[in-house]
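Asker: Predicted model follows, preceded by the sequence.
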Amino acid sequence: MSAPQASETPKELASPTSAPGRKSLFRRALRSKQAIITGSIILLYVVLGLLANVIPDHTFWEARLDSLNLPFGSETYPLGTDQFGRDILARLLHSINTAFVSALIGVSIALLLGVTFGLIGGYFDRVRTVTEWAFTLIMTFPGILLLILLMPVTKGDYRFTMAIFGVLLSPGIYRIVRNQTIAVSRELYVDAARVSGLTNFRILSRHVLSVVRGPVVVATAFLAGSAINVQSGLAFLGVGSKVIPSFGSMIGDGFRNLYVDPWQYVWPALALGVLNACFVLFGNALRDVLQGKPPKPAKQDVQALAAGFEASDHEPDTSALLEVRDLGIGYEGTDGVVREVVRGVSLTIRDGETVGLVGESGSGKTQTAFGILGVLPTEAQITRGSILLDGKEILGASEGVLKKLRGGTIAYVPQEPMSNLDPVYTVGSQLVEGIIASTGKGRAGAREQALALLDRVGIPDAKRVFDSYPHQISGGMAQRVLIAGAIASRPRVLIADEPTTALDVTVQAEILDLLRDLQSEFGMSIILVTHNFGVVADICERLAVMQKGEIVEAGITKDVFANPQHPYTRMLLDSILDETTVRSDPPSGALATATKEA
Ligand SMILES: Nc1ncnc2c1ncn2[C@@H]1O[C@H](COP(=O)(O)OP(=O)(O)OP(=O)(O)O)[C@@H](O)[C@H]1O
């Protein structure tokens, strides 16, 4: 399980680990009204373009001296004629084809270069310098000027011009793909794929491409609009063939004839404007779909949720600080069926107590914790339930409300401390940013508090650690740093997700001692997510045992340890190594050696 990464991801792109595949993006796009409307309009343009030789009564090049500047609504010329007596409708429909061919050529070349070299540059560190250099060089070219200067080479053929424009667009795609590839290459599952002997090509096509394609699809929509605009702009300036109709050349002709018949200007400008707006809005809709919105409960009192943090109509347990009731979290499978990974979990945490959420890997502990924090992946669905904080419903609250809660009332200490510190920034600057965001303090005050917190969590040379980069400190120190960040806002609930798993035994004990001290000092409640009964025995007053998404047993820790009721709890307890029992049989290696010596 990895911690939520949304905050570490560039705004325009989804987290690499959460990026859905193309199929999922397409399916989710169908749920966005904006994507459906703008996508349908773009599709309508395509159909009209395909019927360019069928719909009009005249060809686009046919000029009739007896039909100059006919107004719209004229017989056989529904949109009228231009100053050369040519059918505006025919020219408009052919302009659509010119626009789409321009977009197709420009975007295809940009994708071919950007995706290919983005994958190569992102994945292979050794060639990255070369790809960076090449694409930075391309970015220095003065785009439009270059396209005009290359007129003698392109001979005015807009298709060649757009091919060159595709090269000029490619750095944008390259950067998206390169960034995503670098991020994915650092994921543990990619390391695992390498170790298991998968070829680089297989890793790139299977693991990396599936992550980068979402953002690339979104960028493609924007690039298509941009290619159409540039082609139209060049045609307006007179760069390119006068014979092939395009929105730009029609706008240019209409502009020159504005006082005779303004409609000759209005039609192509309108057609280009609408098409352009559709590409931009379609791209925005895809991006929203990709970034997603926080999962909403399936069945909730919508009005209460709309108010964000309104009082709930449940009858809350008045002694409870946090109350999770019948929480269900599910994911849609490839067959379209939603399967619950958290199934009706109920949990109560009172002020100042530590509750262990225990169970083997995959039992739904972290999903429950993420549900409380409101940081579930966008594809997650809340299928049922309620989460009350101080008796108020927070499930389905707005992102603004949840952000405030996460920064202040509820804090989170993630698993794997090292992966949760950005290697590019010093420990201090990351702590300071977090403190500014959660407390609203100024930089100097935040720095002072960060140093005090580092000191408080038992880091001996706080100043040195403050100025260190994450790779310069140990795992135990990194965990202390994350705890320092989490307690900065003096939270009332601290959710610690396997806070000791990645640490060696002595450091584990120190971290548990630290959590215990901080709890009594701040009087906060702790939810300790763990698979380790030893940790639960050490620090938790109560525990809840999870299996396959359900709580199968809950109670006071010493009671459950003394008299476990559920077979699964008994099995987990039995699997704890009994330190008083020493195996009498020698390890197999020793046995083998002994046999050999004999
Ligand atoms: N994005 C997702 N899509 C589909 N299923 C998911 C997703 N994230 C988690 N799950 C599933 O939810 C289940 C519970 O996962 P969760 O991370 O809560 O387990 P856990 O008990 O915390 O285990 P661990 O300690 O290994 O993280 C798992 O079966 C997991 O495969």
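Answerer: Great, that's in hand. Residues are numbered from 1 along each chain as shown.
Asker: Not counting its neighbours along the chain, what's nearest Cys278?
Answerer: In space, and not counting its chain neighbours, Cys278 is closest to Thr38: 4.3 Å by Cβ to Cβ, 6 or more residues apart in numbering. To be clear about C-beta, it is placed using only N, CA and C from the backbone, and glycine gets the same treatment.
Asker: Test my guess that that neighbour contacts Leu275.
Answerer: No - using Cβ atoms under 8 Å, Thr38 and Leu275 do not qualify as a contacting pair, with a distance of 10.0 Å.
Asker: Can you give the domain ranges for this structure?
Answerer: By the assignment in automatic domain parsing, the chain contains the domains 22-52+89-291, 303-409+491-574.
Asker: what's the pLDDT at Lys596?
Answerer: Per-residue confidence (pLDDT) for Lys596: 45.
Asker: same question, Ser18
Answerer: At Ser18 the predicted local confidence, pLDDT, stands at 39.
Asker: would CSV of the domains of the chain with mean neighbour count and mean pLDDT be doable?
Answerer: As requested, these are arranged in CSV below (neighbours: other Cβ atoms under 10 Å; pLDDT from 0 to 100):
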stretch, mean neighbour count, mean pLDDT
domain 22-52+89-291, 19, 88
domain 303-409+491-574, 18, 84
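Asker: Make CSV from those and add distance to the ligand to it.
Answerer: Output for the domains of the chain, formatted as CSV (distance: least, Cβ to the nearest ligand atom, whole Å):
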stretch, distance to the ligand
domain 22-52+89-291, 11
domain 303-409+491-574, 3
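Asker: closest one to Gln449 among those domains?
Answerer: Shortest separation from Gln449 across these is recorded for domain 303-409+491-574, at 14.0 Å, computed as Cβ to Cβ.
Asker: what's the nearest residue to Phe60 once chain neighbours are set aside in contact with, if anything?
Answerer: The spatial neighbour of Phe60 that comes closest, neighbours along the chain excluded (Cβ to Cβ, 6+ apart), is Ala90 at 4.2 Å. With Cβ atoms under 8 Å, 6 or more residues apart in numbering as the criterion, the residues that contact Ala90 are 52, 56, 58-60, 62, 245.
Asker: Please repeat the previous calculation with a cut-off of 10 Å.
Answerer: Applying Cβ atoms under 10 Å, 6 or more residues apart in numbering, one finds that Ala90 lies in contact with 52-53, 55-62, 77, 79, 81, 245.
Asker: and those residues, which are buried?
Answerer: Buried by 16 or more other Cβ atoms under 10 Å: 52, 56, 58, 60, 77, 79, 81, 245, out of the contacts of Ala90.
Asker: Out of those, which is nearest to the ligand?
Answerer: Of all the buried ones among the contacts of Ala90, the one with the least separation from the ligand (Cβ to the nearest ligand atom) is Ala52, at 45.5 Å.
Asker: which secondary structure element contains that closest one?
Answerer: Assigning secondary structure by DSSP states H and E places Ala52 outside every helix and strand.
Asker: Hmm, it is touching Ala99, no?
Answerer: No - the pair Ala52 and Ala99 does not pass the contact test of Cβ atoms under 10 Å, sitting 11.6 Å apart.
Asker: how about Glu379, phi and psi?
Answerer: The phi and psi values for Glu379, taken as degrees, to the nearest 10, are phi -80, psi -10.
Asker: Go ahead and confirm it touches Val341.
Answerer: No - applying Cβ under 10 Å, one finds Glu379 not in contact with Val341, separated by 11.6 Å.
Asker: what's the farthest-apart pair in the contacts of Ala90?
Answerer: Distances among these were taken as Cβ to Cβ; the most separated pair is Asn53 and Thr81, at 18.1 Å.
Asker: Tell me which stretches of the stretch 251-400 of the chain form helices.
Answerer: In the stretch 251-400 of the chain, the segments counted as helices under DSSP state H, counting those that start in this stretch are 263-291, 302-306, 365-373, 399-407.
Asker: just checking, what packs against the helix or strand that contains Asp455?
Answerer: Taking DSSP H and E as the criterion, the element that holds Asp455 is helix 443-456. Helices and strands touching helix 443-456, as assessed by 3 or more Cβ pairs under 10 Å, 6 or more residues apart in numbering; DSSP states H and E, comprise helix 427-439, helix 462-466, helix 475-487, helix 505-522.
Asker: immediately after the third one, which helix or strand?
Answerer: Going back to what we said before, that points to helix 475-487. Tracing the chain C-terminally past helix 475-487 and defining elements by DSSP H and E, one meets strand 493-497 next.
Asker: Parallel or antiparallel, list what pairs with that following strand.
Answerer: Sheet neighbours of strand 493-497, with direction, are listed as strand 410-413 (parallel), strand 525-530 (parallel) (DSSP bridges).
Asker: can you tell me which helix in the chain is longest?
Answerer: Selection of the longest helix in the chain by residue count, based on DSSP state H, yields helix 88-123.
Asker: isn't Glu399 right up against Gly374?
Answerer: Yes - with contact taken as Cβ under 10 Å, Glu399 and Gly374 are classed as touching, separated by 7.8 Å.
Asker: Pull the number of nearby residues for the residue lying closest to Asn420 once chain neighbours are set aside.
Answerer: What sits nearest to Asn420 in space, not counting adjacent residues and going by Cβ to Cβ, 6+ apart, is Pro414, at 4.7 Å. Residues within reach of Pro414, counting by other Cβ atoms under 10 Å, total 24.
Asker: Now do the helices in the stretch 101-250 of the chain.
Answerer: Counting by DSSP H, counting those that start in this stretch, the stretch 101-250 of the chain has helices at residues 125-140, 143-149, 151-154, 158-185, 188-195, 200-203, 209-236, 247-256.
Asker: can you pull the contacts of Ala452?
Answerer: Listed by Cβ under 10 Å, 6+ apart, the contact set of Ala452 reads 462, 484, 488.
Asker: rerun at 7 Å
Answerer: By Cβ atoms under 7 Å, 6 or more residues apart in numbering, the contact set of Ala452 is empty.
Asker: Just the pLDDT at it, thanks.
Answerer: Confidence per residue is given as pLDDT, and for Ala452 that number is 90.
Asker: Quickly note the distance from it to the ligand.
Answerer: For Ala452, the distance to the ligand (Cβ to the nearest ligand atom, to the nearest Å) stands at 33 Å.
Asker: Tell me how far that residue lies from Gln231.
Answerer: If you measure Ala452 against Gln231 using Cβ to Cβ, to the nearest Å, the figure is 60 Å.
Asker: wait, doesn't Thr366 sit right on Val529?
Answerer: Yes - look at Thr366 against Val529 with Cβ atoms under 7 Å: they come within range, at 6.2 Å.
Asker: Find the residues that touch each one of the two.
Answerer: Among the neighbours of Thr366, those also in contact with Val529 (Cβ under 7 Å, 6+ apart) are Asp497.
Asker: Who are the packing partners of the helix or strand hosting the residue nearest to Cys278?
Answerer: In this structure, Thr38 sits in helix 33-50 according to DSSP H and E. In this structure, helix 33-50 makes packing contacts with helix 88-123, helix 263-291, judged by 3 or more Cβ pairs under 7 Å, 6 or more residues apart in numbering; DSSP states H and E.
Asker: how far off helix 209-236 does the last one point, in degrees?
Answerer: Between the axis of helix 263-291 and that of helix 209-236 there is an angle of 170 degrees, by axes from the mean of the first three to the mean of the last three Cα atoms, to 10 degrees.
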